[in-house]
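Chemist: Predicted model follows, preceded by the sequence.
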Amino acid sequence: SAYWVDDSGTASVNEVDAKQLSAGVFKPRSGAESQVLNGKALWIRFDTQITTPNSHWFLELPLSSADDVSLHWRDANKQWASLQAGDVVPRKHWPVLDRFPMFQLDQERPANTPYYVRIAHARVPFSAPLYIYRGSELVAQREIEYFFLGAYFGLAILVSLVGGALARAMRDTSFLHYVA
């Protein structure tokens with residue numbers, strides 16, 4: 001994948017696609033880079049090579065506090081299509097309901113379909129990676145995550161209940177520190 005930072009934060013996908021053709025505008029992206037995006041937009045371009053028919057692929061940005069994330073691609077009529085997620089969109093209107101901004105990649109597109117991801121994020125430097133999952137891999141990943149989240153919150157509730165019970169049984173309010 002390659003990236004370009006739009007300093008104005010206002011470039012359209014047509015302008016970005018035209019810039020991509022200019023040599024040296026898009027830079028290769030490594031996972032360790034950090035971008036300060038206050039008022040700017042980060043554009044990431046990648047090509048898909050989906051060779052497995054009837055498989056579902058998902059693009060995930062593992063940053064639940066992302067302000068504005070959009071995915072752009074050309075549809076069958078060569079017109080730009082887009083999906084949007086992030087804090088600017090109510091979660092119930094996200095293309096894929098998840099903890100993080102996620103998009104289903106179009107499985108009907110031929111190999112080497114270019115996609116553009118636009119990320120606008122304020123307040124803190126942006127350095128989150130993008131992940132592409134096959135549908136079955138995504139389900140397995142989520143099962144593991146939800147298992148550990150359930151264990152964590154279950155343990156927190158158990159500590160609170162035990163602290164509350166001990167505070168009541170011992171008539172000692174110091175046990176309430178575990179509850180709060």
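Modeler: Yes, it's here.
Chemist: Which strands and helices lie in contact with the helix-or-strand element of the chain with minimal mean pLDDT?
Modeler: Using mean pLDDT, DSSP states H and E, the weakest-scoring helix or strand in the chain turns out to be helix 176-179, at a mean of 72. Judged by 3 or more CB pairs under 8 Å, 6 or more residues apart in numbering; DSSP states H and E, helix 176-179 is in contact with helix 135-170. (Each C-beta comes from the backbone N, C-alpha and C, glycine too.)
Chemist: Please name the nearest non-neighbouring residue to Gly9.
Modeler: Ala41 (4.5 Å; CB to CB, 6 or more residues apart in numbering).
Chemist: Surely the one you found touches Ile119?
Modeler: Yes. Under the criterion of CB atoms under 8 Å, Ala41 makes contact with Ile119 at 6.8 Å.
Chemist: So for those two, which sits in the more crowded spot?
Modeler: Ile119 (25 against 21; other CB atoms under 10 Å).
Chemist: how close does the more buried one get to Arg134?
Modeler: 23 Å (CB to CB, to the nearest Å).
Chemist: residues contacting the residue nearest to Lys40 when sequence neighbours are not counted?
Modeler: The shortest distance from Lys40 to any non-neighbouring residue, by CB to CB, 6+ apart, is to Gly9 (5.1 Å). Going by CB atoms under 8 Å, 6 or more residues apart in numbering, Gly9 touches Gly39, Lys40, Ala41, Ala120.
Chemist: just Val69 next, same as before
Modeler: Val69 touches Leu61, Gln84, Ala85, Gly86, Pro101, Val117, Arg118, Ile119, Ala120, counting by CB under 8 Å, 6+ apart.
Chemist: picking up where we left off before, which element is the residue nearest to Lys40 on?
Modeler: Using DSSP states H and E, Gly9 sits within no helix or strand.
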